[in-house]
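[1] From the sequence below, what's the structure:
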Amino acid sequence: MGERAGLPQAVGFVGLGRMGTPMVRRLAAAGVGVRGYDAAPRPELSPVVTQVEKAPLVAEGVPVVVLMLPDSDVVDAVVHGAGLLDALAPGTVLVDMGSSEPLRTRALAEQVAARGAVLVDAPVSGGVSGATEGTMTIMVGGPEDAVATLVPLFGVLGRMRHVGPVGAGHALKALNNLMSAAHLLASSEALLAGQRFGLDPAAMLEAVNGSSGRSGSTENKWPNFVLPGTFDSGFALGLMLKDIRIALGLAEATGAPSA
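    Got it, this is the predicted structure:
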């Protein structure tokens, strides 16, 4: 077992990018062995990750395989195109921690179940800083028994919220980012109007954050990334747009009204 009770001795991990890298560092620091794969080898991770040459090899001898990939198309390319699905042993828990499409997640769960394995979706919010500090919010969808086995692992990475059956995590992540994008757009328009009127943006934010107009954008994104002019929150605009489209597609599929 790892250094914390309930942690597996080893996990497989596909996707060693901006988010995956700090996540596997945290797992290794907690005593979990990591078998990792990325399309671009990461030599800097050699001290903490056993990197393999093909994605299916991460599944050898591990009870859990984590995917930290950008979207459902890449997940499909790894699971089906690269052959990871066929490499899953019965009882393996496959955890999709990227921002995938919930309806495609449910379809994939059926295919994984046919192998005798289980799919859990567990997308995250908190960005690179949250991944580094272990403070991400992890929105989990999946069966209770499978999720229960992952609680110690998720505890190393952040704060877990089990929000429903498989697909629920990906649905909530997309809806959360739809709201986040709406807040950012509205606050940007309001602050620009105020600035053109002659108001100081920093003073506006101080007042708004003590008032009913506050949001994650006014409390975090504007003071930390916009006003300094760095725009380095760690979350690309293209990924935000992808999540907005997923959320609007979900609204359309469920018949919910949306703009």
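[2] Could you point out the helix or strand that follows the helix or strand containing residue 147?
    Residue 147 is part of helix 144-157, with elements assigned from DSSP states H and E. Downstream of helix 144-157, the next assigned helix or strand under DSSP H and E is strand 158-164.
[3] and the following helix or strand past that following strand with strand 158-164, angle?
    Using DSSP H and E, the next helix or strand after strand 158-164 towards the C-terminus is helix 168-197. Helix 168-197 runs at 120 degrees relative to strand 158-164, counting by axes from the mean of the first three to the mean of the last three Cα atoms, to 10 degrees.
[4] buried set for helix 168-197?
    168-178, 180-181, 183-184, 187, 191, 194 (16 or more other Cβ atoms under 10 Å). No exception for glycine: its C-beta is placed from N, CA and C like everyone else's.
[5] Report the mean per-residue pLDDT for that helix.
    Average pLDDT, helix 168-197: 97.
[6] In terms of helices and strands, where is the nearest residue to residue 194 once chain neighbours are set aside?
    Excluding the flanking residues, the one nearest residue 194 by Cβ to Cβ, 6 or more residues apart in numbering is residue 204, at 5.1 Å. Per DSSP H and E: residue 204 is located in helix 201-208.
[7] Now the element after that helix, going C-ward?
    Using DSSP H and E, the first helix or strand after helix 201-208 is helix 216.
[8] from the middle of its chain, how far away would that next one be?
    18 Å (Cα atoms, centre = their mean, to the nearest Å).
[9] before we move on, back to that, give the contact list for the residue nearest to residue 194.
    Neighbouring residues of residue 204 by Cβ atoms under 8 Å, 6 or more residues apart in numbering: 191, 194, 195.
[10] Just the local confidence number for the closest residue to the first one other than its chain neighbours, please.
    In this structure, residue 191 finds its nearest non-sequential neighbour in residue 201, 5.5 Å apart by Cβ to Cβ, 6+ apart. The predicted local distance difference test score for residue 201 is 97.
[11] so residue 201 makes contact with residue 195?
    Yes: between residue 201 and residue 195 there is a contact at 5.5 Å, judged by Cβ atoms under 8 Å.
[12] Counting neighbours, what do you get for residue 155?
    By other Cβ atoms under 10 Å, the residues close to residue 155 number 17.
[13] can I get the CA coordinates of the helix holding residue 147 in PDB?
    What follows is helix 144-157, C-alpha atoms only, in PDB (Å, rounded to 0.1, in the frame of the first residue of the first chain):
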ATOM      1  CA  GLU A 144     -20.800   4.000  -5.300                       C
ATOM      2  CA  ASP A 145     -18.600   0.900  -4.800                       C
ATOM      3  CA  ALA A 146     -16.100   1.900  -7.400                       C
ATOM      4  CA  VAL A 147     -16.000   5.500  -6.200                       C
ATOM      5  CA  ALA A 148     -15.500   4.400  -2.600                       C
ATOM      6  CA  THR A 149     -12.200   2.700  -3.600                       C
ATOM      7  CA  LEU A 150     -11.000   5.900  -5.200                       C
ATOM      8  CA  VAL A 151     -11.500   8.200  -2.100                       C
ATOM      9  CA  PRO A 152      -7.900   7.900  -0.800                       C
ATOM     10  CA  LEU A 153      -6.500   8.500  -4.300                       C
ATOM     11  CA  PHE A 154      -8.700  11.600  -4.800                       C
ATOM     12  CA  GLY A 155      -7.700  12.800  -1.400                       C
ATOM     13  CA  VAL A 156      -4.100  13.200  -2.600                       C
ATOM     14  CA  LEU A 157      -5.300  15.300  -5.500                       C
END
